[in-house]
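**Q** requesting a structural model of the entry that follows:
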Amino acid sequence: MKKNLYDKVAFFYDQLAMVVLGKTHRESKFTFLEYVMAGDRVLYIGGGTGENLSLLAEKVGAEGKVFFVEASQKMMSKAKGQLTAAQLDRVVFLHQTDFDLLPAQQFDWVITQYLLDVLGDRQIDGLFKAINDRIKPSARWILVDFFDRPSMRWLQWMMIWFFRLVTANPRKNLPRYHQFFQKHGWQQMEEMVFKAGWIKAVVLQKSSRQ
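**A** Sure thing, here's the model as predicted:
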């Protein structure tokens, strides 16, 4: 993914999501964040406008840190505007798209929300490999994304092609998320569904056997 492709939609992205998805889009982004604890180090990739970033900054506290990785400079600017001065000290903002350049840290949490559905399969594999080199043995991953549902395919098709036209999204379909997680050694722990399973929030943990 190239930098700043989503600058084109940054000023209306949240409003568009509200029109198309209603409050579900925002609710899904806050799901399972209560598990993040003080002192945790969080790798948050593709956080967009940072609707939930203020909460994450409060959860990790003064001893923790959120590394907020975003490809769009305009979305990152909006995310910074969500925070107080004290919260800004708890967040490291990284404007980048190369997963090999992710911070050389050992993370407690990985968060991707509506990210994997805009990456090609090779990019997803590369992301997993980079993440697996940067996590603690007990690390967990919060995934929030769209899942294929026959009843929603017309809307799903419209959304995919809109973002293909506007942001050069490489996908024509949704990824098979669980195949990637299984391949790279992650096990599902919990799940919450929205819109009859079209949107899911999932907590996964790194398998000790990998």
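**Q** in the lengthiest helix in the chain, what counts as buried?
**A** Secondary structure of the chain per DSSP state H: the longest helix is helix 153-167. Across helix 153-167, burial judged by 16 or more other CB atoms under 10 Å covers 156, 159-160, 163, 167. Glycine gets a C-beta too; all of them are placed from N, C-alpha and C.
**Q** residues touching whatever helix or strand comes next after that helix, excluding its own?
**A** Under the assignment DSSP states H and E, the closest C-terminal helix or strand after helix 153-167 is helix 177-183. Residues outside helix 177-183 that contact it (CB atoms under 8 Å, 6 or more residues apart in numbering): 116, 124-125, 128, 141, 143, 145, 147, 187-188, 202, 204.
**Q** the same query, at a cut-off of 6 Å, please.
**A** Residues from elsewhere that reach helix 177-183 (CB atoms under 6 Å, 6 or more residues apart in numbering): 124, 204.
**Q** next one: stretch 118-126
**A** Taking CB under 6 Å, 6+ apart as the rule, stretch 118-126 contacts 99, 116, 169-170, 180.
**Q** now do the contacts for residue 93.
**A** 68, 76 are the contacts of residue 93 under CB under 6 Å, 6+ apart.
**Q** confirm that it sits in a strand.
**A** Yes. Secondary structure of residue 93 (DSSP: H, G, I helix; E, B strand; the rest coil): part of a strand.
**Q** TSV for the buried residues of helix 153-167, including pLDDT?
**A** Below are those laid out as TSV (pLDDT from 0 to 100):
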residue	pLDDT
156	76
159	77
160	72
163	70
167	70
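**Q** sorry, back to before: want to throw the contacts of stretch 118-126 into TSV with neighbour count?
**A** Output for the contacts of stretch 118-126, formatted as TSV (neighbours: other CB atoms under 10 Å):
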residue	neighbour count
99	20
116	24
169	20
170	14
180	17
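**Q** where's the dip in pLDDT among these?
**A** Across the set of the contacts of stretch 118-126, residue 169 stands lowest in pLDDT, at 69.
**Q** count of residues packed around residue 117?
**A** Using other CB atoms under 10 Å, residue 117 has 20 other residues around it.
**Q** meant to ask about residue 206, not that
**A** So residue 206, with other CB under 10 Å, has 21 neighbours.
**Q** quick check: it touching residue 139?
**A** Yes. Proximity of residue 206 to residue 139 meets the contact threshold set by CB atoms under 6 Å, at 5.2 Å.
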